[in-house]
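> Make a model of this:
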Amino acid sequence: MNEYMLEMRNICKTFEDNNVIALDNASLLVRQGTVHALVGENGAGKTTMMKILCGIEKRDKGHIFLKGKRFEARSAKEAFNAGIGIVQQHFRLIEDFTVAENVVLGQERHAKFGFVNMKKINEEILKLSIESGLEIDPESIAANLSAGQRQKVEILRTLYCGADLIILDEPTTVLTEQEIEELFKTIRTLKMQGKTVIFITHKLEEIFEISDDITILRHGKSIASGPITEFNKKKISYLMVGEDIDFEKPAFKTQKGEVVFRVENLHVKGTNDFTNEVKGVSFEIAKGEILGIAGITGNGQLQLIEALAGLKKVSSGRIMLGDKEITNHEVREIRDAGLAYIPEDRMKQGASCESSIFDNVIATKYYKSEFSKKGWIDRKKSYAFVNKLMKKYTIKAPSPTTKVGLLSGGNIQKVIIAREFSSDPEVLIVCEPTWGLDVRSTKFVYDSLHEMRTEGKAILLVSSNLDEILHLADRILVMYKGEIIASFENSEGLTKSLIGEYMLGLHLKEKSEVF
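Below is the predicted model of the structure:
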């Protein structure tokens, strides 16, 4: 029997639209029944390699063997029928369908006389979601799901199809520590059943917990591969980016200034307009402070942030930016008042993938005097500005005219971050800022946020990554079922496990203790 479940040898791929060499004689050898980590910088070629395997993109050169036999998927359906399942970074759900309908789409098992028995399907999906630690209501509509919940559906769909080779592209990005533990239990179970998993991640600590082998890509080339026991975090980081990355938290403590952002007894209704998803939330942020909000996806964080940014209507309460009330104001008014916003879902709200990098960056600036003359965009000045941002944020693309949809997920995130950070806001709301970013880019974002805090900016950080919140935030609030149930000063005694217990609702502070 062939040792390898998958062999991808000397794969080459150039995108003709922008002449970007995505893969340059890259190879990936994955042993049967193992978890194989695939890592590299943003744009290193990881996602392109998997798209070629799954029939979404075509290779220019190279050979692929699946279970010892030559293999080429001419479509995603062919790859699926061959036993390959993939959970991509960018979600592919049908908005009007339920969770269960999205999971079983194209593989309905309970059909009789042309009719699908949704009751049985809902029961089956609920059981699967509970068993895999990805519990979700199978009757929820996809359009109403947060990014974290959408990712759960994608993972469930792959598990439901019973693939032999499962590709997980950044699967833990928006999961809590407890959810990641449950996911890893699922992966270990699949491995025991003889399944093979390709695990793509930028979280290096996860690699050592779950992986057997590793392949490192850099600039489209496979530069190192072998058992995970032959590597350490520092070695992987260096091979990925060519330099040592230091994630030490700055020792200094910024002096907080006056309160610049205040939320007072905020209530925000859910999609049905009958119940509140946000219930009496109050907090304030001072100049030179990073306030973190932790919580399991689906506990009102998304509705809260969208209300603050002007994307969702506030049913009662007040939002104050400085001495100006911005409750239920238009998005442009809120931005002009000094608020910038990096959304949780970069593909749905953060960027226009059919537009260029230039258009995405200038979209929030074109009407301002420094970028326009007598109502016309000053293209020379604007292009110079966007080019400068592309260099500063290491956005890998041939030019500002490149379509955002052609970029890797990490580079799309960089475009959004560049646009929002460069607006010089008084208040910055950042949701999952390093989702899909490599170690070098993550370090840059962290340093940029620390720098903005030093400059006196007020920052609201919403993240499902507790390591990220503990690294960046001065204070931490915990949301549970639409309410702020706990408040902590970020000190050495604060642990992920303690915050996680509050996130799960295992502890509830008295109202008087929260603030």
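
> so where is the stretch 401-515 of the chain shaky, pLDDT-wise?
Applying pLDDT under 70 to the predicted model, the residue ranges of the stretch 401-515 of the chain that meet it are 492, 508-515.

> what ranges do the strands span in it?
Under the criterion DSSP state E, counting those that start in this stretch, the stretch 401-515 of the chain carries strands at the ranges 427-431, 458-462, 475-480, 483-489.

> Export these as JSON lines, with columns for distance to residue 321 and mean neighbour count.
Where C-beta positions appear, they are placed from N, C-alpha and C, glycine not excepted. As requested, the strands of the stretch 401-515 of the chain are exported to JSON lines (distance: least, CB to CB, whole Å; neighbours: other CB atoms under 10 Å):
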{"stretch": "strand 427-431", "distance to residue 321": "6", "mean neighbour count": "25"}
{"stretch": "strand 458-462", "distance to residue 321": "9", "mean neighbour count": "26"}
{"stretch": "strand 475-480", "distance to residue 321": "19", "mean neighbour count": "22"}
{"stretch": "strand 483-489", "distance to residue 321": "19", "mean neighbour count": "19"}
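
> for those, which one sits closest to residue 376?
Set against residue 376 and scored by CB to CB, those come closest in strand 427-431, at 29.6 Å.

> Tell me which other helices or strands that closest one touches.
With contacts defined as 3 or more CB pairs under 8 Å, 6 or more residues apart in numbering; DSSP states H and E, the packing partners of strand 427-431 are helix 301-308, strand 339-342, helix 409-421, strand 458-462.

> Could you dump those into CSV with distance to residue 388 added?
Output for the helices and strands packed on strand 427-431, formatted as CSV (distance: least, CB to CB, whole Å):
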stretch, distance to residue 388
helix 301-308, 29
strand 339-342, 18
helix 409-421, 10
strand 458-462, 23
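
> Which of those sits closest to residue 55?
Using CB to CB as the criterion, the shortest distance between residue 55 and these is 19.5 Å, found for helix 409-421.

> what angle separates the closest one from strand 427-431?
170 degrees (axes from the mean of the first three to the mean of the last three CA atoms, to 10 degrees).

> now the helices for the stretch 201-350 of the chain?
When assigned using DSSP state H, counting those that start in this stretch, the helices of the stretch 201-350 of the chain occupy the ranges 204-210, 233-241, 301-308, 331-336.

> Please name whichever of the helices and strands packed on strand 427-431 is nearest to residue 258.
For residue 258, the closest of the helices and strands packed on strand 427-431 is strand 458-462, at 9.8 Å, according to CB to CB.

> Touching the closest one from outside, list them.
Contacts to strand 458-462, defined as CB atoms under 8 Å, 6 or more residues apart in numbering, come from residues 260-261, 285-293, 301, 305, 308, 344, 426-433, 449, 452-453, 468-469, 472-473.

> who wins for proximity to residue 68 among the helices and strands packed on strand 427-431?
Among those, the nearest to residue 68 by CB to CB is helix 409-421 (32.1 Å).

> how far is the closest one from where the chain is centred?
A distance of 12 Å separates the centroid of the chain from that of helix 409-421, by CA atoms, centre = their mean, to the nearest Å.

> Could you report the neighbour count for residue 20?
Under the neighbour criterion other CB atoms under 10 Å, residue 20 is assigned a count of 18.

> what sits opposite it in the beta ladder?
On the basis of DSSP bridges, residue 20 is bridged to residue 15.

> How about the contacts made by the spatially most central residue of the chain?
Relative to the mean C-alpha position of the chain, the nearest C-alpha, by CA atoms, centre = their mean, is the one of residue 435, at 3.5 Å. If a contact means CB under 8 Å, 6+ apart, then residue 435 has 170, 173, 174, 344, 346, 413 as its contacts.

> coming back round to it: deepest in the core, which of the helices of the stretch 201-350 of the chain is it.
The highest mean neighbour count among those, using mean count of other CB atoms under 10 Å, belongs to helix 301-308: a mean of 25.
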